[in-house]
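Engineer: With the input below, show me the fold.
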Amino acid sequence: MAIRNDLRVSDAERDSAAAALREHFVQGRLTLEELLGRLDTALTARMRSQLDGVLSDLPSRKDRPAPVSPEPAEPVFPARYAAVALLIIVMAVWLVLAAWFSQRGYGYGYGYGYGPPH
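Structural biologist: Predicted coordinates for the structure are as follows:
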């Protein structure tokens, strides 16, 4: 479907052109004065030819190279998870040892006359 330049533009098309102009300004393709002048023209444009004129000397999205996606990093096992895992292991060993010693009579009062008779 061919796009005709004598068609009226919508608010969404004007906003899209304004966003593209702001992006070109951020990229350093336009000066502040150029941006303000083109934004004024784009936001008051009635016909597609007016919008096309504002963006005609700037590269479009299809002209830009595709962004290079960063290589996925290997998952890192953060040190805080290692510390928490170590703490859990130490507590589990402590609980097992406490239970084992309490069943064997090594609990509170052993050797001081408070434990069970032998």
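Engineer: Going by length in residues, pull out the top helix of this protein.
Structural biologist: Identified as the longest helix of the chain according to DSSP state H is helix 79-103.
Engineer: That one - what's its average pLDDT?
Structural biologist: What helix 79-103 shows for mean pLDDT is 87.
Engineer: In that helix, which residues are buried?
Structural biologist: Within helix 79-103, no residue qualifies as buried by neighbour count (16 or more other CB atoms under 10 Å). (Glycine included, C-beta is placed from N, CA and C.)
Engineer: elements contacting it?
Structural biologist: Applying 3 or more CB pairs under 8 Å, 6 or more residues apart in numbering; DSSP states H and E, we find helix 79-103 packed against no helix or strand.
Engineer: Alpha carbons of stretch 25-43, as CSV, please.
Structural biologist: Taking C-alpha atoms only, stretch 25-43 is exported to CSV below (Å, rounded to 0.1, in the frame of the first residue of the first chain):
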residue,chain,number,x,y,z
PHE,A,25,18.4,15.8,18.8
VAL,A,26,19.6,13.5,21.6
GLN,A,27,21.8,11.7,19.1
GLY,A,28,23.4,15.0,18.1
ARG,A,29,21.9,15.3,14.5
LEU,A,30,20.0,18.5,15.3
THR,A,31,20.8,21.7,17.1
LEU,A,32,18.4,23.1,19.6
GLU,A,33,17.3,25.8,17.1
GLU,A,34,16.7,23.1,14.4
LEU,A,35,14.8,21.0,16.9
LEU,A,36,12.5,23.8,18.0
GLY,A,37,11.7,24.9,14.4
ARG,A,38,11.1,21.3,13.2
LEU,A,39,8.9,20.5,16.3
ASP,A,40,6.8,23.6,15.6
THR,A,41,6.3,22.5,12.0
ALA,A,42,5.7,18.9,13.0
LEU,A,43,3.1,19.7,15.7
